[in-house]
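> Give me a model of this one.
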Amino acid sequence: MKYLICYDISKPKRLYRIAKELNAMGYRVQKSFFTCELSKQEYDKVRDVLIKWMDQSEDKLAIYKVCDRCASGGYYLGCSISQFFTDNYWIL
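Numbers count the residues shown, from 1 in each chain. This next block holds a predicted model:
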């Protein structure tokens, strides 16, 4: 399944940890937006790690499922676009 994961993390140490985890699992679309292709097990692991590292009283995290139909209808414009063209879909 495809996911769009975005966050707003207030402390640099937590921000670095979360960005590092997401960099290992997907593609950075913008500074705090990542697209990831994850199995159910990978999704559960990433979600649990992100929840563990964030401070829910200060930080925000959103994870959206992106269906194949929705993903195929989007597009991305800008620098380094080649890294976002995976599985014949574009992410906006």
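> what are the pairing partners of the host helix or strand of residue 64, and which direction each?
In the assignment (DSSP states H and E), residue 64 maps to strand 60-66. Strand 60-66 has the following strand partners under DSSP bridges: strand 2-8 (antiparallel).
> low-scoring pLDDT stretches of this protein, where are they?
Within the chain, the segments meeting pLDDT under 70 span 74-92.
> Which residue ranges of this protein form strands?
Taking DSSP state E as the test, the strands found in the chain are 2-8, 26-30, 33-37, 60-66.
> Mean neighbour count and distance to residue 20 added to these, as JSON lines?
No exception for glycine: its C-beta is placed from N, CA and C like everyone else's. What follows is these, written out as JSON lines (neighbours: other C-beta atoms under 10 Å; distance: least, C-beta to C-beta, whole Å):
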{"stretch": "strand 2-8", "mean neighbour count": "19", "distance to residue 20": "12"}
{"stretch": "strand 26-30", "mean neighbour count": "16", "distance to residue 20": "11"}
{"stretch": "strand 33-37", "mean neighbour count": "19", "distance to residue 20": "11"}
{"stretch": "strand 60-66", "mean neighbour count": "13", "distance to residue 20": "15"}
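> Turn the ones you listed into a markdown table, columns for distance to residue 47.
Converted to a markdown table, those look like this (distance: least, C-beta to C-beta, whole Å):
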| stretch | distance to residue 47 |
| --- | --- |
| strand 2-8 | 9 |
| strand 26-30 | 13 |
| strand 33-37 | 11 |
| strand 60-66 | 7 |
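> for those, which one sits closest to residue 52?
Smallest distance to residue 52 across the strands of the chain (C-beta to C-beta): 11.3 Å, for strand 60-66.
> residues in contact with that closest one?
Residues outside strand 60-66 that contact it (C-beta atoms under 8 Å, 6 or more residues apart in numbering) are 1-9, 35, 47, 50-51, 54, 91.
> do stretch 32-47 as well
1-9, 19, 21-23, 25-29, 63, 66, 84, 86-87, 91.
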